[in-house]
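J.: Please find the sequence and the predicted model below.
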Amino acid sequence: MPCLMVLFALFVPRVVIVLLWLFSHWFSGIFNIALWPVLGFIFLPTTLLWYTAVQHWFGGQWTLWPVVGIVVALLIDLSPASGRRRAYGR
């Protein structure tokens with residue numbers, strides 16, 4: 001059961017990205033080339049979602065709360081790959 005929860009948590013941001021791309025214009029006009037959203041979808045989906053939220057809701061202004069949010073999003077995206085692997089290897 002815990003493995004299913006981990007898989008669910010890993011795929012939820014990606015599902016949200018796909019649904020936003022299919023049913024809205026959320027990503028239109030934010031990126032100049034399609035490489036960045038594809039890389040964000042694969043490697044940093046929560047960070048991609050927060051970056052686009054800052055572009056929409058904060059007008060692209062990187063003040064205190066958007067920066068705090070991007071740090072939290074990066075920690076969410078990068079934490080499963082760093083700490084748990086070292087703990088299991090011991």
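T.: Thanks, I have the structure now. Numbering: from 1, shown residues only.

J.: Give me the below-cutoff pLDDT ranges for the chain.
T.: Regions of the chain meeting the criterion pLDDT under 70 cover residues 1, 80-90.

J.: Spell out, range by range, the helices that occur in it.
T.: Secondary structure of the chain (DSSP state H): helices at 2-23, 35-43, 45-57, 64-89.

J.: Compare the ones you listed and give me the one nearest G29.
T.: When these are ranked by distance to G29, counting by CB to CB, first place goes to helix 45-57 at 8.8 Å. For the C-beta atoms, the positions are set from N, CA and C on the backbone; glycine is no exception.

J.: And that closest one, what's buried?
T.: Going by neighbour count (16 or more other CB atoms under 10 Å), the buried part of helix 45-57 is P45, T46, T47, L48, L49, W50, Y51, T52, V54, Q55.

J.: I figured the fourth one was touching V18, is that so?
T.: No. The criterion here is CB atoms under 8 Å, and L48 misses it with V18 at 11.8 Å.

J.: Give me the residue at the spatial middle of the chain.
T.: Central residue check for the chain by CA atoms, centre = their mean: the C-alpha nearest the mean position is that of T46, 1.5 Å away.

J.: burial measure for P66, as a count.
T.: Taking other CB atoms under 10 Å as the neighbour definition, P66 ends up with a count of 19.

J.: so what's it up against?
T.: Shown in contact with P66 (CB atoms under 8 Å, 6 or more residues apart in numbering): W50, V54, F58.

J.: go again using 6 Å as the cut-off
T.: Remark: with contacts taken as CB atoms under 6 Å, 6 or more residues apart in numbering, P66 is in contact with V54, F58.

J.: want to try CSV for the buried residues of helix 45-57, with distance to F23 as columns?
T.: Formatted as CSV, the entries for the buried residues of helix 45-57 read as follows, by distance: CB to CB, whole Å:
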residue, distance to F23
P45, 17
T46, 20
T47, 22
L48, 17
L49, 15
W50, 20
Y51, 20
T52, 15
V54, 21
Q55, 18
